[in-house]
Each structure stands twice: as C-alpha cells, then as structure tokens.
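K.L.:
Model the structure of this input:
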Amino acid sequence: MKIRNKVIVLLTAVFAVLALVAWGAEEALLLPGFEKIELDTAHTAMRRIDFAVEQTLAGVQVSVNDWGSWLPSYHFMQDHNETFVTENLSPTALRQLHLTALAYVDLDGHVTVSRALDAQTGAPVALDLFPGGYLPSDFPWQQNLRQSRSAQGLIATPHGVMLAAVSPILDGPGGHGPSRGMLFMGRLLTEGEVAAIGARAQTAVSLISMRRVGDPSLRPLAATQSGDLITSSSGVLHVDHAFDDIYGQPVMVLRVDVPRTIMASAKTTIAYARTFTFGAGVAILLFILLVLNREVLAPLTRVTRHASAIGAGDDLSHRLDLHRTDEIGILASEFDRMVGSLAESRRRLIDHSFESGRAELSRGILHNIGNAMTPLGVRVAKLQVLLRDAPVADLERALEALATAPAGSERQADLDALVRLAAVELIDALRRAEEDVSVIARQSGHVQAALSEQVRSARGTSVIESIDLRSLVDQSLEIVPDMCREQARIVLDPSLQAVGPVRVARTVLRLVLQNLVINAAEAIRLAGNGRATIRLSAGIACVEGVEQLLITCEDGGIGIPAESLERVFERGFSTKGDSNSRGIGLHWCATAMTSLGGRIWASSAGAGKGAAFHICLPLPVTIPEPAIAAA
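P.N.:
Just a heads-up that it's a prediction; the model follows:
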C-alpha cells in the first residue's frame, strides 16, 4: 500500500476512533448519567408516596392518641358505661373521624366494644379483625398492649388494606397511668384515600395489587437496593413499591408513573451533538489531507519514484535536485549524496568481493575441519599410546625362551603362565584399540560429511533430512573434543527427546551445535569456577503462523557484557581475550543460520553470570538463494 493511501487510511481511522470514543463516552457516561438522574427522580417520587402514606397513618395515630388520652375513654374502661357507647361510638362519630373500625381492648386482650362501619354509607362492615372478641394470639401489637405503647401500620382485611393505629388508654392528656387497655382505630385504603395520598405527594399514584384476608400471600417484588422495582414501557417509568403489614408480610403494591422526559431530551441533544461532530470531523479530515498532499505526500512521491528508478537500474548518475529547505529537501540532498557514494562503493566492492568471499569460505571450512580433526588427533594419539604400551616385546621374549626351555620343567610352566598373561593383556589392548579405531572411523566420516557439506554450501544448497533431534545432538557431542567434555558437564534436557523428528539441514545444524558446545566449554574454562554445566534444550513454537524449531545452549561460563551481545557474531570478534580465539566460530554459525532462513542470538545476565545461545529455525526449512558460502 502506498504511503498516500496509508495516510488517508490512518487519518480516517484516527477520526473513526475518535468518533467511536465520543460515541462510547456518550453511551457509557452521558446517557447512563441522564438515566441515573431519571431513576433518582423516580425513586424520589416513590419516597414522597412512602412519606405520604406515613403521614396518613400519622393522622390516624393522632386521632387514636386523642381518644386514648380522653378521660371519658378511661372511665369507660372502668365501668363499661353503655351511655358512653351510645353517645360517642355512633356511625356519625366514625364518619367524622373518617374511620372504618374502632375497638376498645382491655388489658387481657378482650375486646370490650368494637365498631366496623362503611365510612361513606354508615352500613356495618364485617372485618373480622378480632375473632371471638379477643386479640389474636399472634397479633403483633400484643406487646404494645402490655407496655402501653402506641403503634401504627397496615392490616389486611376481607375488604382491603386498612390504615390502623393503637394507643394506650390513659387518664387524661398528660398520659397518666395506669393504662386501662388499648384503643384501636382503622381506616380502609379506598381509591379516594390513594388519590389523596398522591395529591399530598404531588405525584400520580395507583394501587396495583393488595392482599386481603384469606388471599394467598402477595408475591414480593424483586429485591433491589432501594426496595423499588422499576420497569419501563412507552416512554414511562413504572416505579413499584411493596408495603408490609404489621406482620412483616407484603400487603399492597403502589405504583408511580414517571414520564421519561429527561432521557428523551438527552437523546435529542446528543443526536444534534453527534451530527455536528461528524460534520466538523469530515471537514477537518479533508483539510488535513489537502495540506498533507501538497506539502508532504507529493514531494515524497517524487523522491520515492526517483529511488525506485535508481534501484531498478544500473545508472547511478541521475540526481534528484529537489530544492527544499525542510526535512524532505534534506532527505533528497542526502539521497543524492548517498547515490554518489554508492557508485564509488560499488566499484570498490566489485574489485574486492571475489577475494573476500573466497577467503571467508576458506576460514569457515578450515575452522570446522579443525574442530573435527581435534578429537580425531586425540583418538589417534591415545591409540598410539595403547599400542606402544601393549606387551608385544615381552610376549616375543617369552616365546623365544619357551622354545629353548626343557619340556616339563618348572621354567616352562612359568613361561607358559607369562605367555597367557601377556596374551590376555594384548587381547584387551586390541579390543580397546578396535573401539578407538571405530570412533576414529566415525569421526573421519564426520570430517568427510563436513567437507561434502562445505562443497554443497559453496554451490548454495543444503540437504534437508528428517532426523530425531536427540540423535542429532548426540552426533554433535560425539565430535566434541574430550578436553571440552572434561571441562564441563553436558546436560541434555528431556525437551530434546520430546521434540521428536524434524526436517533440517542435518550436517549444518550439527556443526553449529558443535561450535556452540565448544564455545561454551571454553567460556567455562576461562571462568575458572570448576566444572560447570552446559544445558541443551529445545522446543517447537508457532511464530507468525510458521512452526519454528527453538534450540537453546546455556552455560555457566564467563558470560557476555551487554554491549557485546550483538557483536559476538561479528567476524573476528571474541570475548575470550586470548590469542587462540579467532572469532570465526560464532560468525560462521550466524551465517549458516541465516542461509537456512533462521537466526541465532545470545543472551546473558552480564560478565561472570553465564550465557545462552538461542537458535530459531523455520520448519520445514526454506533455504534462501544466498547460500552459506555467500557469507
């Protein structure tokens, strides 16, 4: 994609993200904020209704307190005077008090007298509040009767919900005792009462459900933190609140309807804001694109076309000559200067590339063959010592003496024993020599394979083989010099076996691993901390959709300073500090990994803290055109 298109896409994406952020802020912050205000308003309306219900109950409580502290009521509970009943408990008196029920109860819970009338018609109403003329045993206000305390609340009756209150019967307004009983007053919650409650709270309210005596229990509302259940329909919030009776059970549900005018206004305002923001964003985006195209993209396109023409052809004589004083002008001038330098460098590079490439290839070949020949020479030297120390001369002298010894003499017997001992020792030496010869033969084969691989590398190709990774590591360790094995303890992690068969350039990877182990052993020797550990581990990971073989070689050697982690793979660079280190092995490893499409890197906690070398190789291996010899 061209940079012009990238800039357009990037700017469009930025404005789109800003638009999404603005939309998200509106949806996640503004609208929920307005909705919370609306919900708070709805809860407040229901709180006003709750307060109005409490005020209505307080009105009944005022009436019952007045009558309970009225001296005639106190005397009536002493003498049960029928005249008091006739004169004061008439239907007219109940209607004036807006009461539906009134009852005098003595200290034993016996109802001395009770009245239940329709407040509108004056007709008797069967409320059955006190069956048998006594307070029910589970009546919650029994405690109030004994303790001479007032109370108020809601009671379910066969005719609906009643607003009820009780007061102790005392001898006068001062509330003197002792109490003679309890006065009960109640008022049915009619539609008129509900409307009056709404008018008092200045909120429209309706009774949507209530429990009567004998009905099943009223279904409780879903539990919420505020106790209100809020639903929505047709632009209206319905706030339902359940009220409990004196038994603590839901007895009625009142509903307040709150129009959703706040959310409607908020949505309209936000819609206007979105439209304006979108229009302004489009205008700003077009202006920015126009300025960028004139000042940046068009000159940059000219520079790009010139660079493409230079890269596609061999003519390095053309110059851009872009006369500008800004960064693009400086870039064009520097590009023209670099093209001139490139032309000169190309001439020098062509002159030296052939010799340099051949010398580098020779160094790599000699280094790898030297590594392979070192254990071979050690084995040959051991074989020479073994054969030199074999008792061949002793056996020859014993055989000569045996030929001249008298038959059946003691000397012949001693010589026979000596010959047998020499023969046993010689057989053992020959067997050990046979083992050394076998190892020498295998190591010679490794040398031949390395030479063959170098020949193929010179042609730019490597043979890909399927091999078990653990076996490949064993082959690499087999050609590691014994001196290196004595300096370090080599540990093979179980992950090498778990990886299983892989398709790799076996010979190249084997030489790389051999170089890494030898390098680790040298680092341990230079650290001077005794026989440390070299650990080899492996795994397979998916990197950018391609399976990669990962191999790690860790050592407890001298470590690598942070500033040298990148340089250890440079040709001629070494951290070992001795004259025998030529800085070729790791450079060759890096070149070989690059030629196989992989890479190698080092990590270390610092000097004296050991180091780790990591190999990453694609599976299946794809070998680029430049081969190992090209490095």
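K.L.:
All the strands of the stretch 1-150 of the chain, residue numbers only.
P.N.:
Using DSSP state E, counting those that start in this stretch, the strands of the stretch 1-150 of the chain run over 101-105, 111-116.
K.L.:
List of residues touching the last one?
P.N.:
To tie it back to what came earlier, the one meant is strand 111-116. If you take Cβ atoms under 8 Å, 6 or more residues apart in numbering as the criterion, strand 111-116 is touched by 76-77, 80, 85, 89, 91, 94, 100-106, 124-127, 129-130, 133-135, 181, 184. To be clear about C-beta, it is placed using only N, CA and C from the backbone, and glycine gets the same treatment.
K.L.:
Buried by neighbour count, from those: which ones?
P.N.:
When the contacts of strand 111-116 are checked for burial by 16 or more other Cβ atoms under 10 Å, the buried set is 76-77, 89, 94, 100-106, 125, 127, 129-130, 135, 181, 184.
K.L.:
Quick check on I540: phi, psi?
P.N.:
Dihedral angles of I540 (phi, psi; degrees, to the nearest 10) stand at phi -120, psi 130.
K.L.:
Going forward, the N-terminal residue is numbered 26.
P.N.:
OK, 26 is where the count begins now, so the last one is I565.
K.L.:
Any stretches of the stretch 526-656 of the chain with poor pLDDT?
P.N.:
Along the stretch 526-656 of the chain, segments meeting pLDDT under 70 span 601-608, 646-656.
K.L.:
what ranges do the strands span in it?
P.N.:
Under the criterion DSSP E, counting those that start in this stretch, strands of the stretch 526-656 of the chain are mapped to 526-529, 557-568, 571-580, 624-628, 636-644.
K.L.:
Please identify the helix or strand for K292.
P.N.:
helix 286-317 (DSSP states H and E).
K.L.:
on that earlier part again, can you say which of the strands of the stretch 526-656 of the chain is nearest to D518?
P.N.:
Across these, D518 has its closest neighbour in strand 557-568 (3.6 Å, Cβ to Cβ).
K.L.:
Which strands border the closest one, and is each parallel or antiparallel?
P.N.:
The strands beside strand 557-568 in its sheet (DSSP bridges) come out as strand 513-517 (parallel), strand 571-580 (antiparallel).
K.L.:
wait, isn't I180 in contact with G211?
P.N.:
Yes: between I180 and G211 there is a contact at 6.7 Å, judged by Cβ atoms under 8 Å.
K.L.:
Give the residues shared as contacts by the two.
P.N.:
L154, M187, A189.
K.L.:
is it possible to export the residues you listed to CSV including distance to A224 and pLDDT?
P.N.:
Shown next, in CSV, are those (distance: Cβ to Cβ, whole Å; pLDDT from 0 to 100):
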residue, distance to A224, pLDDT
L154, 28, 84
M187, 21, 92
A189, 22, 95
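K.L.:
In helices, which of the residues you listed appear?
P.N.:
In this view, these have no member that belongs to helices under DSSP state H.
K.L.:
from those residues, which is closest to V32?
P.N.:
Using Cβ to Cβ, the shared contacts of I180 and G211 come closest to V32 at M187, 77.8 Å.
K.L.:
Next, count neighbours for V472.
P.N.:
Counted with other Cβ atoms under 10 Å, residues neighbouring V472 total 17.
K.L.:
wait, is it part of a strand?
P.N.:
No: V472: not assigned to a strand; according to DSSP: H, G, I helix; E, B strand; the rest coil it is helix.
K.L.:
Could you double-check that it sits in contact with N396?
P.N.:
No: the criterion here is Cβ under 8 Å, and V472 misses it with N396 at 9.7 Å.
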